[in-house]
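Chemist: any chance you can model this:
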Amino acid sequence: MSADCCSAKSATLETLARQADQRRVLVIVLAINAVMFVLEFGAGVIAGSAALMADASDMLGDALVYAVSLYALARSDRWKAGAAMLKGVVILALGIGIAVNVALKIQSGVPPSSTLMLGFGALALVANLVCFRLLTRFRHQDVNMASTWECSRNDLINNTGVILAAVLVWWLASPWPDIVIGSLMALVFLRSAFRVMREAAPQLRAA
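Modeler: Numbering: from 1, shown residues only. Now for the predicted structure:
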């Protein structure tokens with residue numbers, strides 16, 4: 001009886017400690033993404049880059065995602081599955097928004113500033129590498145943290161795409177690399193959104 005009690009208490013303390021670690025990391029990555037959204041979106045508007053603005057929108061989406069993750073952290077499996085589903089919906093909305101921005105960019109046909117794209121794309125990559133490293137050790141703990149890690153991984157893909165687009169815009173003096181990379185980023189968002197929602201749906205029904 002005593003051994004069972006100690007075992008249960010140990011498991012509870014382990015869970016609470018894990019949640020405290022998760023909360024600390026989520027607060028850090030939320031702050032990083034909020035600051036980077038302001039910097040990168042402003043640079044994207046000045047540069048006229050669809051890819052840079054798309055990447056900045058992703059930063060804003062991630063900040064919202066991390067806030068939802070923090071809210072669901074100490075709650076039931078149903079709350080966590082619901083939070084993961086909400087993240088999928090946010091990612092889906094961002095993907096659609098990026099697609100609309102790309103369509104507007106095609107109409108204008110003006111090449112963006114490759115210098116601003118490269119500089120802020122590299123800064124965003126460094127920021128997201130820090131976030132990705134912080135989140136990786138939590139990815140298998142529950143569906144909430146797994147979907148959060150998924151968002152962080154997408155960020156690295158997006159940052160690499162922005163840097164590649166910047167180099168190609170400079171080399172070709174054309175808006176099309178920015179348009180193509182922005183379109184690919186929209187596809188990554190849509191794919192990730194459906195994956196997150198597909199994984200969350202059965203757990204939400206079971207809970």
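Chemist: can you give me the helices for this protein?
Modeler: Secondary structure of the chain (DSSP state H): helices at 2-47, 50-72, 77-108, 114-136, 143-172, 176-206.
Chemist: any idea which of the ones you listed scores lowest on pLDDT?
Modeler: Least confidently modelled of the helices of the chain is helix 2-47, at a mean of 70 by mean pLDDT.
Chemist: middle-most residue in this structure, spatially?
Modeler: C151 (3.4 Å; Cα atoms, centre = their mean).
Chemist: re the thing from before, most packed of the helices of the chain?
Modeler: Highest mean neighbour count among these (mean count of other Cβ atoms under 10 Å): helix 50-72, with a mean of 25. All C-beta atoms are positioned from the backbone trio N, CA, C, and that covers glycine.
Chemist: and it with helix 114-136, angle?
Modeler: Relative orientation of helix 50-72 versus helix 114-136 (axes from the mean of the first three to the mean of the last three Cα atoms, to 10 degrees): 20 degrees.
Chemist: now do helix 50-72: which elements does it pack against?
Modeler: helix 2-47, helix 77-108, helix 114-136, helix 143-172, helix 176-206 (3 or more Cβ pairs under 8 Å, 6 or more residues apart in numbering; DSSP states H and E).
Chemist: report the inter-axis angle for the last one versus helix 50-72.
Modeler: So the one you mean is helix 176-206. Using the same axes, to 10 degrees, helix 176-206 lies at 20 degrees relative to helix 50-72.
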